[in-house]
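# starting from these lines, generate the structure:
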Amino acid sequence: MAARKRVSLKDIAAACKVSVATVSKALNDQADIGQETKDYVRRTAESMGYFPNFAAKALKTNRTYNIGLLFMDDSQSGLTHNYFARVIESFKKKIEERGYDLTFISNNRSSQGYMSYMAHARYRNFDGVAIACVDFYNPEVEELVRGNIPVVTIDHVFNDRSAIVSDNVMGMKDLLTYIYEMGHRKIAYIHGTDSAVTQSRLKSFYKTAMDLGLEIPDEYILEVEYRDTVGAQRATEKLLELPDRPTCILYPDDFSSFGGINAIKLKGLKIPDDISIAGYDGIDIAMKYNPQLTTIVQDTDLLGRKAAEKLIDSIENPRTTLSEQVIVPGHLNEGETVKRLVQ
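Presented below is the predicted three-dimensional model:
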């Protein structure tokens, strides 16, 4: 049987009745041709069984078309981490649309023995690296960020690197203001452990409380790990045992709020009739829970897409791509877990 002829750009150009240059620009997502033409060329190329020669492309462009993702949360929850799993899925989808592959940096060991994150990135010849949900103060992470490989960070800001972050300040302001407008004055906050995200939300919580004229007793502020349902349950128990307990409790994230719900139920109380709660993130299970959780819904799709676009721009256009902080707004889901109180 004769070998099947490899489809070339010239073949696709003839089929589409356009120039080879136009085909090349369409397949490489160049900005100087229209989206309709791009879609037409890509559909035709796919129907003809065209597969790009990545080895030749890498030699020509001096790129591997491989992007690394450093993702490692303290609880080792990996892609079961509801919030980051959705961000990463959006990121992966976008870079694949641009012709790149994704490789996870799950740890700093390989078949070559112990390697730092920077050494691992160089060993894999990554064109760029996205960093999310890690200890950003780890010296190895800082070494990678300060290296010469294009980097974008998600939910953490380094002064000289691009960062894609949720608007945690406005998110917390909207959430606390809504709870206040529902009549609550005794509001507790179980926040996450120290991080840039935690600091933004906690400062916004105190600033909004001050603007609203709310007094927040020290015993109303507790700390647990993110996504720690056991810790959140214990913290909630402490708040419920206070002589002057809060009427509403905020949690560091939606997932940990389920630990709080357990504590409240074990106390024989009902949500929101006896006590109100609110989360943060807008994960799917919180939207389907009954009663539906009051929370801030983060735009995980836009976070992932923006991170991918910024990183690829810094890879392909290093001289013109600015390092900047991109802030992605979320929105309030009023839900059903905050009761309206008569004031």
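
# please make it C-alpha for all contacts and neighbour counts, starting now.
Will do.

# per-residue pLDDT, residue 169?
On the pLDDT scale, residue 169 is placed at 96.

# buried ones in the host helix or strand of it?
Using DSSP states H and E, residue 169 sits in helix 168-181. Neighbour-count burial for helix 168-181, with 16 or more other CA atoms under 10 Å as criterion, is recorded at 168-180.

# would you convert the residues you listed into a markdown table that also reports distance to residue 228?
As requested, those are exported to a markdown table (distance: CA to CA, whole Å):
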| residue | distance to residue 228 |
| --- | --- |
| 168 | 20 |
| 169 | 22 |
| 170 | 24 |
| 171 | 21 |
| 172 | 20 |
| 173 | 24 |
| 174 | 24 |
| 175 | 21 |
| 176 | 22 |
| 177 | 26 |
| 178 | 25 |
| 179 | 23 |
| 180 | 26 |
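
# if I've got this straight, residue 188 is in a strand?
Yes. Residue 188: assigned to a strand according to DSSP: H, G, I helix; E, B strand; the rest coil.

# ok, it - contacts?
216, 220, 221, 239, 246, 248, 249, 250 (CA atoms under 8 Å, 6 or more residues apart in numbering).

# shaky segments in the stretch 1-150 of the chain?
Low-confidence segments of the stretch 1-150 of the chain (pLDDT under 70): 1-5, 51-62, 73-81, 106-113.

# where do the helices of it begin and end?
9-16, 20-27, 35-47, 54-61, 82-97, 117-124, 139-145 (DSSP state H, counting those that start in this stretch).

# angle of the first one against helix 35-47?
Using axes from the mean of the first three to the mean of the last three CA atoms, to 10 degrees, the direction of helix 9-16 lies 110 degrees away from that of helix 35-47.

# what residues sit buried inside helix 9-16?
Counting neighbours by 16+ other CA under 10 Å, helix 9-16 gives 9, 11, 12, 13, 16 as buried.

# pull the distance from it to the chain's centre.
The chain centroid and the centroid of helix 9-16 are separated by 39 Å under CA atoms, centre = their mean, to the nearest Å.

# how near is residue 286 to residue 102?
29 Å (CA to CA, to the nearest Å).
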